[in-house]
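> give me a model of this one.
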Amino acid sequence: MLASYFRKPQRLVVGLMSGTSLDGVDAAIVRIEGQGLDTKVELVHYTAVPYDDTLREKLKELCSLDRSNVAMVCGMNFYLGRIFAEAVWLAAAEAGLPMDEIDLVSSHGQTVWHIPEADPSEWHQVRSTLQIGDLSVIAKHTGKPVVGDYRTADMAVGGQGAPLVPYADFILFRDADKGRITQNIGGIGNCTAIPAGGLPEDVIAFDTGPGNMLIDEAVYQLSGGAKSYDDGGAWAARGRADDSLVDRMLSHPYFTLKPVKTTGREMFGKPYAAEWIGEARRLGLADADIVATFTAFTARSIAAGYRDFVFPACRADEVIVSGGGAHNRTLLRMLAELLPEQRVLTSDAFGISGDAKEAIAFALFANNFLHGIPNQLPSATGASRPAVMGKLALPE
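Down below sits the predicted model:
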């Protein structure tokens, strides 16, 4: 089975991504040629399978110490495996491709908990991470070899297990003459700064903080569950951000930490959003003002991250935005106003779908895994050395 993979000059790999926004699973069918830093990729087809409200809220429970339990984690691990497998079948069907033509599947999985730094007060709370959506379930339900569970290998060599996409960003967006920052805005925001003509070890990458996570939670709560996100940033556009409240939100200690650093729902999840929604209510902010304030918080946290940790070391000519936040016109406008010396663009302008980019990245990671080639950047994750991330599940 795998022998035929290596005989082909080009392979079709399905990359699956389900991120911290908990909005669904992205499936990208990618044509891949080569391996390592010289890999060539072409997006053949992309589809998104949204989670319904019931599943999304159950996953939020799963990501909460107060409401999760081991039985829920165990069951959801297999349930999501089936959901991910269905996404592979759907992507192939929409692309008009028989499953026989798919060579490999790559799954990021669904992160339910991430501990980038050990808790010295709890001997068992060592640096660790957990992504669910069982690989064997996906393999058996698709009939394809599946690579996944990437982050653990990086953590095993001293990294934080994130951010991983900078490796793909370097392949896709490096430029001999222009310094670039790629900014993904999913549930969490993360950036990759690539100096003009830079090498992999020159890359600066870190999580900038909440991306859509707080905005989405505010929209969900303020709409009484009728909406799960601010479509196009329209709700925020009708409001006015409370700058003093944003200042207070930016006083969170995460923002002064130096890279390497990562974060997630453990720090900026539903309880954090509820705290600040309550404070905004106490101040008498209208619903639109609250959404505008949370949107400004995301924009300002991104710009502050660049100012403090990127611009002193790296010239940036362009900021290339991807992820769900790239559709939020209000957020992009705010970001452009905060970064007058950089051109703020979306990855679609470079021929890379902003919705599909992370799924494309994980397809690339699986290809490197099968070739035994490292697929992360220690400069981004803090790992002591390059590592081949991933585990393989076979369909037999």
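> next, residue 17: secondary structure please.
Here residue 17 is strand, with the state taken from DSSP: H, G, I helix; E, B strand; the rest coil.
> so it sits right up against residue 108, yeah?
Yes: counting by CB atoms under 8 Å, residue 108 is a contact partner of residue 17 at 5.0 Å. No exception for glycine: its C-beta is placed from N, CA and C like everyone else's.
> domain ranges for the chain, per the record?
Each domain of the chain is listed here as a residue range: 2-163+356-393, 166-350, per automatic domain parsing.
> what is in contact with residue 17 and residue 108 at once?
Common neighbours of residue 17 and residue 108, using CB atoms under 8 Å, 6 or more residues apart in numbering, are 358, 362.
> all strands of this protein, in order?
For the chain, the strands defined by DSSP state E occupy 10-18, 24-33, 40-50, 104-115, 128-132, 146-148, 180-185, 188-194, 204-210, 318-322, 343-346, 391-393.
> minimum distance to residue 172: which of these has it?
Nearest of those to residue 172, taken as CB to CB: strand 40-50 at 7.3 Å.
> okay, now the sheet partners of that closest one, with direction.
strand 24-33 (antiparallel) (DSSP bridges).
> buried stuff in the strand it pairs with?
Judged by neighbour count (16 or more other CB atoms under 10 Å), strand 24-33 contains these buried residues: 24-30, 32.
> and stretch 32-52, by the same measure?
Quick answer for stretch 32-52 (16+ other CB under 10 Å): 32, 35, 39, 41, 43-49, 51.
> which residues are contacting that stretch?
Outside stretch 32-52, the residues that touch it by CB under 8 Å, 6+ apart are 9-13, 22-31, 59, 83, 86-87, 90-91, 94-95, 97, 170-172, 200, 352-353, 355-356, 359-360, 363-364, 367-368, 371, 373.
> how far away from the center of its chain is it?
15 Å (CA atoms, centre = their mean, to the nearest Å).
> which residues does the closest residue to residue 90 other than its chain neighbours bridge with?
Counting by CB to CB, 6 or more residues apart in numbering, residue 90 lies nearest to residue 47, which is 5.9 Å off, once chain neighbours are set aside. Beta-bridge partners recorded for residue 47 (DSSP bridges): residue 27.
> pLDDT value on residue 47, please?
At residue 47, the pLDDT value in this model is 98.
> if I look at it, how far off is residue 5?
23 Å (CB to CB, to the nearest Å).
> now a ChimeraX select for only the buried ones of the contacts of stretch 32-52.
ChimeraX command restricting those to the buried ones, with burial defined by 16+ other CB under 10 Å:
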select :11,12,13,22,23,24,25,26,27,28,29,30,59,83,86,87,91,95,97,170,171,172,200,352,353,355,356,359,360,363,364,367,368
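> which of the contacts of stretch 32-52 fall within helices?
Counting by DSSP state H, the contacts of stretch 32-52 place 59, 83, 86-87, 90-91, 94-95, 170-172, 359-360, 363-364, 367-368, 371 in helices.
> show the pLDDT at the residue lying closest to residue 368 once chain neighbours are set aside.
Distances taken as CB to CB, 6+ apart place residue 375 nearest to residue 368, at 3.9 Å, with adjacent residues excluded. Here the pLDDT value assigned to residue 375 is 98.
> can you point out the buried residues in stretch 166-177?
The neighbour-count check on stretch 166-177 (16+ other CB under 10 Å) flags 166-174 as buried.
> kindly report the same for stretch 388-396.
Residues 388-390, 392-393 are the ones in stretch 388-396 that count as buried (16+ other CB under 10 Å).
> and which of the residues you listed is nearest to residue 346?
residue 389 (27.5 Å).
> residues touching that closest one, list them.
150-154, 164, 365, 369, 374-376.
> let's see it at 10 Å
By CB atoms under 10 Å, 6 or more residues apart in numbering, the contact set of residue 389 is 147-157, 159, 161, 164, 167, 365-366, 368-369, 374-376, 381, 383.
> tell me the residue furthest from the middle of this structure?
residue 284 (33.6 Å; CA atoms, centre = their mean).
> dihedrals phi and psi, that one?
phi 80, psi 20 (degrees, to the nearest 10).
> thanks again, I'm all set now.
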